[in-house]
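Student: need a structure here:
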Amino acid sequence: MTMFRTMTPSTLGLLLLGASLAGCDPDAAEKAQECADVCSQVEECGATPPAPGGLFGDTSGTGNAAADCAANCIQPDSNKYGYADCQVECLLAVECGQMNDCWDATSDVFDQYCGGNTTPVAPDESSAGNVGNGTTTGSAAADEAVDNPAVEGSVEGSGFVVNYGDNPPEVAGLFDVNGSIDTSSNARSPGATIATALCFHNQAAGADGWTTDYCEQAVPGIVSAPIIGSGNDFTMFFTYPGQATILFSGSTDGSGTIENVEALVVYLYSTDVWEHSFTTWQSNGDCDAGSCTQ
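Tutor: So this is what the prediction gives:
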């Protein structure tokens, strides 16, 4: 079959396995065939699909576009990994140079195939007065993070509370973070546990808002995050380009104790893919730049 002309044996094997497992299920067999079509085009066009498993999988990918595509496309919950019906339609319809836009919720191409009405993330009257530096949220970098249909829809759908302002409290030290997902959409199921350690240091004000340096145990990522808020309340944004934005909102009592932390993980290669949780942050001493290499 010509659709398999340029596909690697390992990729073809994944797709044929999906078709075999489908057995007499015509819908599953049709899905496997559709993924064969999609992944063949992804490979031929040199597109860069999301890595297998999404944010919590092998974010480095396999190095083979068709294999990465197949691993996610044949999943029963493939919309979680960037293969919602509208995205599959997009991938099969657009020119090669536009394929990556099918996984970019900020692109005009994505909006054409998968767009929907979302509410911009912006303060209401009660909190708008906390922002006085010419930004919407309290930070130019935070503005950029929330000006994304994936984030807009996830904040709206989950009811996540953003603490706006250009004068956030200090968040510093090493924290053991634990909790579990309470609600989600096309992502990990409620009850899935969260357990990690976060180090914050070097919180500083810049012309476009406050930032803090951070590291997360055993997870690569950027080392600076925007932080907004006022009084004792803050919201910070961890950004993994092309993968996810993680928002944390909480409060500090001024003595280093962090309370009432709400978390929202937003997957960026689609829309309506998010998971919400409440986490406890247990202080575990001080930390600095050297802690991020351990």
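
Student: every contact and neighbour count from this point should use C-alpha atoms.
Tutor: Noted.

Student: mind telling me which residue is nearest the centre of this protein?
Tutor: Nearest residue to the geometric centre of the chain (Cα atoms, centre = their mean): residue 244, 1.8 Å.

Student: what's across from it in the sheet?
Tutor: Beta-bridge pairing for residue 244 (DSSP bridges): residue 240, residue 267.

Student: can you pull the contacts of residue 269?
Tutor: Shown in contact with residue 269 (Cα atoms under 8 Å, 6 or more residues apart in numbering): 50, 81, 82, 103, 104, 105, 242, 243, 244.

Student: measure it to residue 190 for me?
Tutor: To residue 190, residue 269 is 21 Å away according to Cα to Cα, to the nearest Å.

Student: what's the pLDDT at the closest residue to residue 173 other than its chain neighbours?
Tutor: Once flanking residues are discounted, residue 173 sits nearest to residue 286: 4.4 Å by Cα to Cα, 6 or more residues apart in numbering. With respect to pLDDT, residue 286 scores 90.

Student: right, and the helix or strand after the helix or strand of the chain with the lowest mean pLDDT?
Tutor: Least confident helix or strand, the chain: helix 9-22 with a mean of 47, by mean pLDDT, DSSP states H and E. Downstream of helix 9-22, the first helix or strand assigned by DSSP states H and E is helix 26-45.

Student: same for that following helix, what does it pack against?
Tutor: For helix 26-45, the packing partners by 3 or more Cα pairs under 8 Å, 6 or more residues apart in numbering; DSSP states H and E come out as helix 9-22, helix 65-73, helix 85-93.

Student: residues of that helix that come out buried?
Tutor: Residues of helix 26-45 classed as buried by neighbour count (16 or more other Cα atoms under 10 Å): 28-29, 31-43, 45.

Student: if we can go back for a sec, please list all residues in contact with the residue nearest to residue 173.
Tutor: Residue 286 touches 172, 173, 174, counting by Cα under 8 Å, 6+ apart.

Student: SS state for the last one?
Tutor: Put plainly, it is residue 174. The three-state label given to residue 174 by DSSP: H, G, I helix; E, B strand; the rest coil is strand.

Student: that one: what's it in contact with?
Tutor: Contacts for residue 174 (Cα under 8 Å, 6+ apart) come out as 197, 198, 199, 200, 283, 284, 285, 286, 287.

Student: skipping adjacent residues, who's closest to the third one in space?
Tutor: Read it as residue 199. Once flanking residues are discounted, residue 199 sits nearest to residue 174: 4.3 Å by Cα to Cα, 6+ apart.

Student: tell me what whatever helix or strand residue 199 lives in is packed against?
Tutor: Residue 199 is part of strand 193-206, with elements assigned from DSSP H and E. Packing contacts for strand 193-206, counted by 3+ Cα pairs under 8 Å, 6+ apart, involve strand 173-185, strand 209-216.
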